[in-house]
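>>> Fold the stuff below for me.
(one chain, ligands or ions: 1)
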Amino acid sequence: MSEIAARLAELKQLGLYRRTRLVSGPQGPHVLLDGKPVLLLCSNNYLGLADHERVQAAAADAALRWGVGAGSSRLVSGTMTVHRRLEQRLAAFKGTEAALLFGSGYLANLGVVGALSGAGEMVFSDELNHASIIDGCRLSRAETFVYAHNDVEHLAWGLAQAGPRASLIVTESVFSMDGDVAPLEDIAELARRHRGVRVVVDEAHATGCLGPGGRGAVAEAGLDGEIDVVVGTLGKALGAYGAFAACDAEIAALLTNTARSLIFSTAPPPPAVAGALAALDLLEQSPRRVERLQANAEVLRAELAREGFDVTGSSTQIIPLIVGDASTALRVCEAALERGVFAQAIRPPTVPDGTSRLRLAVMATHTKDELREAARVIGRAALQAGFRPATAMPVAVAQEAARAGGVVDFAHEADAA
Ligand SMILES: Cc1ncc(COP(=O)(O)O)c(C=O)c1O
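This next block holds a predicted model:
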């Protein structure tokens with residue numbers, strides 16, 4: 001057996017093997033998955049804009065006007081007008097002086113963290129931060145202090161130990177696998193007390209999903225103007241592809257000069273940029289989409305609770321059902337699929353050992369009846385897979401259990417996510 005075959009066999013044996021499934025059609029509430037019709041309950045197309053006719057038309061039109069590709073990095077062949085227009089609109093949406101587009105959220109986090117910290121400095125990163133933030137910390141060459149999830153006291157302690165080396169606090173606002181929200185006011189207050197420490201907030205799952213008009217958790221917390229860089233993505237609620245960093249003009253200039261993932265990577269494709277512009281128009285014209293998303297999340301949470309699941313950890317459109325062991329999570333996922341509901345199983349290293357889960361992601365375009373039925377299906381699927389919903393762990397308990405098992409820096413240390 002080759003070394004690669006042995007590694008793959010080991011992943012299979014641990015229940016950690018991954019494969020992609022084939023989806024026919026757009027990321028709507030219903031898809032054909034490997035040829036079978038299912039309710040899609042794990043896409044980040046939260047507002048259903050990825051295949052909205054106005055977004056599609058804008059992307060198609062942009063392909064005809066500006067071409068499909070951007071040609072090169074904007075530092076080489078220039079910023080296209082469509083990029084500039086979206087940056088101005090995003091800055092206005094987020095209430096910042098500037099916004100800078102990146103190729104993806106992954107690239108944005110790599111670039112932003114690397115630009116704002118370096119060798120000899122210390123970055124403070126929440127233990128449940130996304131892999132792109134973790135990789136940004138690694139590439140920055142700064143030392144990383146991983147604080148316990150949403151634990152402001154731990155963060156404060158770390159900042160006090162670091163003294164003048166502390167350069168950056170980085171957190172997601174809505175956590176991608178847990179659906180909980182970071183204590184942003186407390187984090188901003190700590191940064192205020194530690195002069196020179198900057199704050200980066202990744203609003204990948206908050207932009208378009210919460211806050212006034214979908215402006216995100218930073219706006220919801222009344223922190224406009226107090227966060228140094230807000231990272232947002234275009235590939236989730238905004239239905240396109242790409243990302244942005246919203247910040248002041250000085251930091252934007254720093255990013256343009258030092259963010260390697262901006263400088264050394266082709267600008268986002270014009271159709272995606274124009275699609276995101278159209279999605280932003282739709283969001284601003286009809287913030288009720290955000291209300292519908294939140295109302296749908298409430299319905300699904302309530303119905304899952306009736307099935308016996310503990311869903312108290314989530315307050316957003318992302319609802320984790322923590323099963324524990326990776327193989328059981330896979331079995332529940334497969335049993336739900338058999339009954340027509342696709343809710344992906346999320347396993348280590350994306351989440352800590354022992355906290356494998358189904359990550360449910362609600363869309364504004366689901367009907368309430370579909371969500372009620374999905375909860376029943378998942379309840380039955382869990383039982384069929386030998387898992388009693390009442391033993392599902394609340395997020396905080398699962399995290400504590402992972403820590404007690406000595407798994408503290410799981411994702412920050414794992415090879416992939
Ligand atoms: C919190 C968070 N940040 C960044 C990203 C990366 O964004 P993108 O998919 O645009 O690369 C993700 C992707 O899922 C994410 O969950």
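>>> Could you check the pLDDT of the residue nearest to Cys42 when sequence neighbours are not counted?
Ranked by C-beta to C-beta, 6 or more residues apart in numbering and with sequence neighbours excluded, the top spatial neighbour of Cys42 is Gln344, at 4.1 Å. For the C-beta atoms, the positions are set from N, CA and C on the backbone; glycine is no exception. If you check Gln344, the pLDDT there is 95.
>>> and if you look at Tyr17?
pLDDT at Tyr17 comes out at 93.
>>> likewise Ser24?
Ser24 carries a pLDDT value of 92.
>>> picking up where we left off before, residue contacts, the residue nearest to Cys42?
Cys42, Cys333, Leu358, Arg359 (C-beta atoms under 8 Å, 6 or more residues apart in numbering).
>>> and what of Arg376?
Taking C-beta under 8 Å, 6+ apart, we find Arg376 in contact with Glu303, Glu307.
>>> Got phi/psi on it?
Arg376 has phi and psi values of phi -60, psi -40 when expressed as degrees, to the nearest 10.
>>> What residue in the stretch 251-400 of the chain comes nearest to the ligand?
Ile318 (9.4 Å; C-beta to the nearest ligand atom).
>>> how much space between that residue and Leu300?
11 Å (C-beta to C-beta, to the nearest Å).
>>> what is in contact with the two at once?
Listed as contacting both Ile318 and Leu300 by C-beta under 8 Å, 6+ apart are Leu360, Val362.
>>> where do the helices sit along the stretch 101-250 of the chain?
105-116, 131-140, 152-162, 184-193, 217-220, 249-258 (DSSP state H, counting those that start in this stretch).
>>> Find the nearest non-adjacent residue to Thr367, please.
Once flanking residues are discounted, Thr367 sits nearest to Pro29: 7.8 Å by C-beta to C-beta, 6+ apart.
>>> Contact partners for the one you found?
Leu39, Leu40, Gly48, Met363, Thr365, His366, Thr367, Glu370.
>>> before we move on, which element is the fourth one in?
Secondary structure assignment for Met363, by DSSP states H and E: no helix or strand.
>>> Would you list the phi and psi of it?
Phi and psi for Met363, reported as degrees, to the nearest 10, are phi -120, psi 150.
>>> so it makes contact with Ala295?
No. When contacts are counted by C-beta atoms under 8 Å, Met363 is not listed as touching Ala295 (11.9 Å).
>>> The two: who's more crowded?
Remark: of Met363 and Ala295, Met363 carries more neighbours, 27 against 13, as counted by other C-beta atoms under 10 Å.
>>> For the closest residue to the ligand within the stretch 201-350 of the chain, grab the count of nearby residues.
Nearest residue of the stretch 201-350 of the chain to the ligand: Ala204, at 3.6 Å (C-beta to the nearest ligand atom). Using other C-beta under 10 Å, Ala204 has 27 neighbouring residues.
>>> For it, grab phi and psi.
Dihedral angles (degrees, to the nearest 10) for Ala204: phi -50, psi -40.
>>> Tell me, how many residues neighbour the residue of the chain found nearest the ligand?
The minimum distance from the chain to the ligand, using C-beta to the nearest ligand atom, falls at Gly105 (2.2 Å). Per other C-beta under 10 Å, the neighbour tally for Gly105 reads 26.
>>> quick one, what contacts it?
His130, Ser132, Asp202, Ala204, Val231, Gly232, Thr233, Gly235, Ala243.
>>> do you know how far it is from Leu304?
Gly105 is 28 Å from Leu304, by C-beta to C-beta.
>>> any idea how far Gly308 is from the residue nearest to Cys42?
Separation of Gln344 from Gly308 (C-beta to C-beta): 21 Å.
>>> next one: Pro320
Pro320 is 15 Å from Gly308, by C-beta to C-beta.
>>> neighbour-wise, which of those two wins?
Pro320 (29 against 14).
>>> need the residues of the stretch 51-200 of the chain near the ligand, please.
By C-beta under 6 Å from any ligand atom, the residues of the stretch 51-200 of the chain that approach the ligand are Ser104, Gly105, Tyr106, Asn109, His130, Ser132, Glu172, Ser176.
>>> how deep is the residue nearest to the first one when sequence neighbours are not counted tucked in, by neighbour count?
Counting by C-beta to C-beta, 6+ apart, the nearest residue to Ser104 once its immediate chain neighbours are dropped is Ala243, at 5.5 Å. As a burial measure, Ala243 scores 30 neighbours (other C-beta under 10 Å).
>>> Then Arg388?
Arg388 has 10 nearby residues by other C-beta under 10 Å.
>>> Go ahead and confirm Leu210 touches Asp180.
No. Using C-beta under 8 Å, Leu210 makes no contact with Asp180, being 12.0 Å away.
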